[in-house]
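**Student:** this is a predicted model, with the sequence first.
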Amino acid sequence: MYGVGDTESERTAFRKAEKQYKLYYQNNTKKKKQPRAVDLTHVLDFKSILKSYNANAQLPSGVSLAAAPQFDIPVFNLDKHPGFCFIPQALSVAEQCHWIRESLTNFPQPPNRTNHNAVYGPIHDLFISAKEKKVLVEKQNCLPDNDPLPTDLAYGWESSREPSATSTCKSIPASTLLRKLRWSTLGLQFDWSKRNYNVGLPHNKIPDLLSQLAKKMAAPSMSFGEEFQPEAAIVNYFGAGDMLGGHLDDMEADWSKPIVSIRVIMSFFSLGCKAIFLLGGKSREDEPVAMFLRSGDIVLMAGEARECFHGVPRIFTDKENAEITSLEQQLSNEEDLCYLEYINRSRININIRQVF
């Protein structure tokens, strides 16, 4: 997912760090693949930093406390990366579960666009259809006895059934589409082919609750008297083994405004979805800082930090790194089992931006 190719970037400091932490499997003959061990000694752990700070008010070299009097939790800076803030455990368990549900049921809904739009057009109710084991069927060339489909869609949902020998319909299970969901866009819609925001595309405003949360969390990075105005968001969906290659978020007009990155990193049962985040410099040649991201952590990137390369080379899916007991308890009732099943193998990340 969003990987980088075998180019000269393979020799850069950022690429070397990506390869260091990327998921590789051991060469063995067992049916079940075993992840290759990785040295995590130098990965910055804000969970441990927070624990130490609460106990003795001490911070490691290079980490300082941000001026954020409006927060009742510590906000941390990296001294060598002005404009970067890390807020560990910023979201409560209830809030995390709320945004998981929203990210799966409402955020991929049209007019919001997803990576599936280019092939299938707007798709309604993907998560519900996957839960109901439905199949997305091409409208053209379908048999006469098929259920009628909306006239404005090239594809529509049908109940799962054995394909007819005479059917020429193209179809794909909703569960497969859900597994291949990689992004959805909220608010102003980003055109990935042209790499810009297309204000002409139909869109809804950022949901009020998400907008309010973003404004609150962005406050430590804003100048006095200014307020963050959320206008667009990109929701990334990661599966096991996915990575987000090193990149710059450089499409917004005003780089003084932060990106509020809500890291919803969750998984259950024997799988974990803690991630490693790399924050580099203005060049790929600058050696990046590696840090853990856990469910409920929030990252802010404003000012000079907006000009820094960053990426996610690793999602952990091994039992040893699972840290999701409280979320598992929160999603244990019957109506939430579908969400639990999804995040058992996935991670969700919400990036909120001010465009203009």
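**Tutor:** Yes, it's here. Residues are numbered from 1 along each chain as shown.

**Student:** residue ranges with poor pLDDT in this protein?
**Tutor:** Along the chain, the model assigns pLDDT under 70 to residues 1-10, 27-32, 139-153, 160-168, 192-195, 223-225, 249-272, 317-324.

**Student:** where do the helices sit along the protein?
**Tutor:** Using DSSP state H, the helices of the chain run over 13-21, 46-56, 93-105, 117-120, 126-131, 174-179, 208-218, 325-330, 337-343.

**Student:** can you give me the offset of the fifth one from its chain's centre?
**Tutor:** Taking CA atoms, centre = their mean, to the nearest Å, one finds helix 126-131 lying 19 Å from the centre of the chain it belongs to.

**Student:** partner residues bridging C85?
**Tutor:** Each beta-bridge partner of C85 is listed here, defined by DSSP bridges: N77, L300.

**Student:** tell me how far it lies from F71.
**Tutor:** Taking CB to CB, to the nearest Å as the measure, C85 falls 10 Å from F71. Glycine gets a C-beta too; all of them are placed from N, C-alpha and C.

**Student:** grab the nearest non-local neighbour of A290.
**Tutor:** V43 (4.6 Å; CB to CB, 6 or more residues apart in numbering).

**Student:** next up, the contacts around N333.
**Tutor:** Contacts here follow CB atoms under 8 Å, 6 or more residues apart in numbering; on that basis N333 touches nothing.

**Student:** separation between it and Y342?
**Tutor:** Counting by CB to CB, the gap between N333 and Y342 amounts to 15 Å.

**Student:** would you map the strands across the stretch 151-300 of the chain?
**Tutor:** Using DSSP state E, counting those that start in this stretch, the strands of the stretch 151-300 of the chain run over residues 155-159, 171-173, 183-187, 189-191, 196-198, 232-239, 244-247, 259-264, 275-279, 289-293, 297-301.

**Student:** how about those in CSV, adding distance to S326?
**Tutor:** Putting these into CSV (distance: least, CB to CB, whole Å) gives the following:
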stretch, distance to S326
strand 155-159, 35
strand 171-173, 32
strand 183-187, 26
strand 189-191, 33
strand 196-198, 37
strand 232-239, 21
strand 244-247, 26
strand 259-264, 14
strand 275-279, 18
strand 289-293, 17
strand 297-301, 14
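
**Student:** how's the chain carved up into domains?
**Tutor:** For the chain, automatic domain parsing gives the domain ranges 8-108+182-353, 117-179.

**Student:** highest mean neighbour count out of these?
**Tutor:** By mean neighbour count, with neighbours taken as mean count of other CB atoms under 10 Å, domain 8-108+182-353 ranks first of those at a mean of 18.

**Student:** any idea how far M217 is from K170?
**Tutor:** As defined by CB to CB, K170 lies at a distance of 43 Å from M217.

**Student:** who's in contact with H124?
**Tutor:** Contacts for H124 were tallied using CB under 8 Å, 6+ apart; they are Q109, P110, W157.

**Student:** same check on A232?
**Tutor:** A232 makes contacts with T185, L186, G187, L188, Q189, F190, Y197, I206, I352, R353, V355, as judged by CB under 8 Å, 6+ apart.

**Student:** give me the beta-bridge partners of it?
**Tutor:** When assigned by DSSP bridges, A232 has beta-bridge partners G187, R353.

**Student:** and the nearest residue to D286 once chain neighbours are set aside, what is it in contact with?
**Tutor:** Nearest residue to D286, sequence neighbours excluded (CB to CB, 6+ apart): G280, at 5.0 Å. Taking CB under 8 Å, 6+ apart as the definition of contact, the neighbours of G280 are A13, F14, A17, G246, D286, E287, P288, V289, C308, F309, H310.

**Student:** CSV for those residues, including distance to M222?
**Tutor:** Conversion of the contacts of G280 to CSV gives the following (distance: CB to CB, whole Å):
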residue, distance to M222
A13, 31
F14, 28
A17, 30
G246, 26
D286, 26
E287, 29
P288, 25
V289, 23
C308, 19
F309, 23
H310, 20
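
**Student:** and those, which is closest to A57?
**Tutor:** The shortest approach to A57 among these belongs to V289, at 22.8 Å (CB to CB).

**Student:** that closest one against V43, yeah?
**Tutor:** No. Distance between V289 and V43: 9.1 Å, which falls outside the contact criterion (CB atoms under 8 Å).

**Student:** re earlier: which of the contacts of G280 sits closest to S103?
**Tutor:** Nearest to S103 among the contacts of G280 is H310, at 20.7 Å by CB to CB.

**Student:** the closest one reaches L279, doesn't it?
**Tutor:** Yes. Here H310 reaches L279: they are 5.1 Å apart, a contact under CB under 8 Å.

**Student:** find residues that contact each of those two.
**Tutor:** Residues touching both H310 and L279 comprise P288, with contact defined as CB under 8 Å, 6+ apart.

**Student:** distance check, the closest residue to M291 other than its chain neighbours against L293.
**Tutor:** Closest residue to M291 apart from its sequence neighbours, by CB to CB, 6+ apart: L44 at 3.9 Å. To L293, L44 is 10 Å away according to CB to CB.
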